[in-house]
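Engineer: Need coordinates for the below:
(chains A and B)
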Protein chains: 2
Amino acid sequence: MAEKRKIEVCFSPAMYHSFHDDNSIIVIVDILRATTAMCTAFMNGAKSLIPVSTLEEAKEYKSKGYLVAAERDGIVCDFADFGNSPYNFQREIVEGKTIVYSTTNGTQAINMAKKAYKILVGSFLNISALASYITYENKDVIIFCSGWKDRFSLEDTLFAGALADKLLNNYNKFYTICDSAIAAIDLWSIARKDIMAYIEKAAQRHRLKQKKLDNVLEYCFSPDQTELIPYLSGEKLVVNFYCENNNNLSSKNIKIKL
Amino acid sequence: MAEKRKIEVCFSPAMYHSFHDDNSIIVIVDILRATTAMCTAFMNGAKSLIPVSTLEEAKEYKSKGYLVAAERDGIVCDFADFGNSPYNFQREIVEGKTIVYSTTNGTQAINMAKKAYKILVGSFLNISALASYITYENKDVIIFCSGWKDRFSLEDTLFAGALADKLLNNYNKFYTICDSAIAAIDLWSIARKDIMAYIEKAAQRHRLKQKKLDNVLEYCFSPDQTELIPYLSGEKLVVNFYCENNNNLSSKNIKIKL
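Structural biologist: Below you'll find the model as predicted:
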């Protein structure tokens, strides 16, 4: 049997230097709302997605004719087509399009991980597909929480715990000795009993509420809505493979589009 | 009634810039083993303690005649008087002395927090006294986990959760909206049922075991062995006040030595 593969969880871009491993799969996580919105865009047929961290970059792309999702403090930027909510990425708007998505924390994480073996976009929407695909690849995995302004965030950590738990329990191919992975799994074991009640504790949940942007909350914690796994190719996120949500994974279940 | 005071938990020196507040009390935490050893030194009558991060600094102090605690990879440095275990700080050795303590993670945290209103040394040994004293001071509090090489560490987080829990439940003067404080409290709620079993999960516990340095484990999780609270004064840690371990705190219970 092959050697078991390591699972680690990084809680913040500020800590990533102590995890950095170019030979690993990195799963980027920003549950409220960037990585959930990105998965949604691909579910609705988007062709590709360009994550940018500054409004200047977003504006520049807009002037070149791209569709741009950008908001600051809950208000859609005047130059943008719509805001950052997953609900904006409707099929009639995004199908076949390349969309620019402005997100500070998520883009920072993606940029830091750029040299990794593969960068995947993770959310509850594609969690089981993600677990299957990660298992199929023979690599260690770092679940990279975007956090909030370099701080730890509960919602990203719960997802990290859920994914790590799934990998450890459904497949006999992984191990962890990472304190943050253990903490994430234990927090998930508390939260999973009633995730919507638990998430009331999270600061970002209250930030969104204050801005009346919290109608997405339940959606952002809905598991297994898609088998698509967005991944970074050059500067763009694309999705040209997917794998079946199947715990008895064999290579025949991995369906490579393209 | 006075405004309630904020509790925050910082999981790593790498994240401290997002917490930094010069008007707060900072509690430095490095349970295995620096802050536990520091509390022990004062319990046994040490006069003061100089935390240093490099062996070069430790060596320089040694050449000036100081008592020096320094080890690397579990081996006492040849120039040092003893290693970093709390058990080395026996009364017959440390009483009345100034001791240099070499610790990478703990010293890094202390240096980063240097401009804060007050820097206190926290461990399970002085946890209730610490809670009383923090309550007595009218300031916000940041519990600053030293972690391990900029990573999250379970043992520091459990202490942070225990202290935050104590402050929130025993006194009606605090609140938290900090995701990492909430996570620490929830992890502590799991671990407290059997702390010695839980700590088997922690990476640092296994590092110490490999080096045969884990005989201190139970001691490091023994609550309320002292009412002394070491704090930073200039470059030195000293201890010239203490407060009674008393949940019904009133100012008359605060005993200022000096």
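Engineer: interface residues of the stretch 151-258 of chain A facing chain B?
Structural biologist: A:151-154, A:157, A:177-180, A:182-183, A:186-187, A:189-190, A:201-204, A:206 (C-beta under 8 Å from any C-beta of the partner chain). The C-beta positions use only the backbone N, C-alpha and C, and glycine is treated the same way.
Engineer: which of these are buried?
Structural biologist: For these, a burial check counting by 16 or more other C-beta atoms under 10 Å in any protein chain shown picks out A:151-154, A:157, A:178-180, A:182-183, A:186-187, A:190, A:201-204.
Engineer: Now do the helices for chain A: every range, in order, please.
Structural biologist: A:34-43, A:55-63, A:91-94, A:104-112, A:127-136, A:154-170, A:179-191, A:195-198, A:203-210, A:217-220 (DSSP state H).
Engineer: any chance of these in a markdown table, plus mean pLDDT?
Structural biologist: Output for these, formatted as a markdown table (pLDDT from 0 to 100):
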| stretch | mean pLDDT |
| --- | --- |
| helix A:34-43 | 96 |
| helix A:55-63 | 96 |
| helix A:91-94 | 95 |
| helix A:104-112 | 90 |
| helix A:127-136 | 93 |
| helix A:154-170 | 97 |
| helix A:179-191 | 98 |
| helix A:195-198 | 95 |
| helix A:203-210 | 89 |
| helix A:217-220 | 94 |
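Engineer: what's the most buried one of the ones you listed?
Structural biologist: Mean neighbour count (mean count of other C-beta atoms under 10 Å in any protein chain shown) peaks for helix A:34-43 among the helices of chain A, with a mean of 28.
Engineer: Show me how far that one is from its chain's centre.
Structural biologist: 8 Å (C-alpha atoms, centre = their mean, to the nearest Å).
Engineer: Report the angle between it and helix A:104-112.
Structural biologist: Angle, helix A:34-43 to helix A:104-112, by axes from the mean of the first three to the mean of the last three C-alpha atoms, to 10 degrees: 80 degrees.
Engineer: which helices and strands does helix A:34-43 pack with?
Structural biologist: strand A:48-52, strand A:98-102, helix A:104-112, strand A:118-122 (3 or more C-beta pairs under 8 Å, 6 or more residues apart in numbering or on different chains; DSSP states H and E).
Engineer: Chain B: which of the ones you listed is closest?
Structural biologist: Proximity to chain B (C-beta to the nearest C-beta) singles out helix A:104-112 among the helices and strands packed on helix A:34-43, at 11.6 Å.
Engineer: what residue lies at the spatial centre of chain A?
Structural biologist: A:Gly122 (3.0 Å; C-alpha atoms, centre = their mean).
Engineer: Would you confirm that that residue contacts A:Ile28?
Structural biologist: Yes: using C-beta atoms under 8 Å, A:Gly122 is in contact with A:Ile28, at 6.5 Å.
Engineer: list residues touching both of the two?
Structural biologist: A:Thr35 (C-beta atoms under 8 Å, 6 or more residues apart in numbering or on different chains).
Engineer: rewinding a little: take the helices of chain A and lay them out in CSV including distance to A:Val239.
Structural biologist: Putting those into CSV (distance: least, C-beta to C-beta, whole Å) gives the following:
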stretch, distance to A:Val239
helix A:34-43, 4
helix A:55-63, 20
helix A:91-94, 12
helix A:104-112, 15
helix A:127-136, 11
helix A:154-170, 18
helix A:179-191, 25
helix A:195-198, 26
helix A:203-210, 26
helix A:217-220, 19
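Engineer: Can you say which of those helices is nearest to B:Lys211?
Structural biologist: helix A:179-191 (17.7 Å; C-beta to C-beta).
Engineer: any idea of the angle the closest one forms with helix B:154-170?
Structural biologist: 40 degrees.
Engineer: And for helix A:179-191, what's in contact with it?
Structural biologist: A:7-11, A:143, A:154, A:157-158, A:160-162, A:164-165, A:168, A:176, A:198-199, B:148, B:151-154, B:157, B:183, B:186-187, B:189-190, B:201-204.
Engineer: and if we set it to 7 Å?
Structural biologist: Contacts with helix A:179-191, where a contact means C-beta atoms under 7 Å, 6 or more residues apart in numbering or on different chains, come from A:7-11, A:157-158, A:160-162, A:164-165, A:176, A:198, B:151-154, B:157, B:183, B:186-187, B:190, B:201-203.
Engineer: What about the residue lying closest to A:Lys59 once chain neighbours are set aside, how many residues nearby?
Structural biologist: Nearest residue to A:Lys59, sequence neighbours excluded (C-beta to C-beta, 6 or more residues apart in numbering or on different chains): A:Phe79, at 5.2 Å. For A:Phe79, the count of nearby residues is 14 (other C-beta atoms under 10 Å in any protein chain shown).
Engineer: Repeat that for A:Asp214.
Structural biologist: A:Asp214, neighbours per other C-beta under 10 Å, totals 17.
Engineer: which one is it nearest to, not counting chain neighbours?
Structural biologist: Per C-beta to C-beta, 6+ apart, closest to A:Asp214 is A:Leu208, 4.2 Å.
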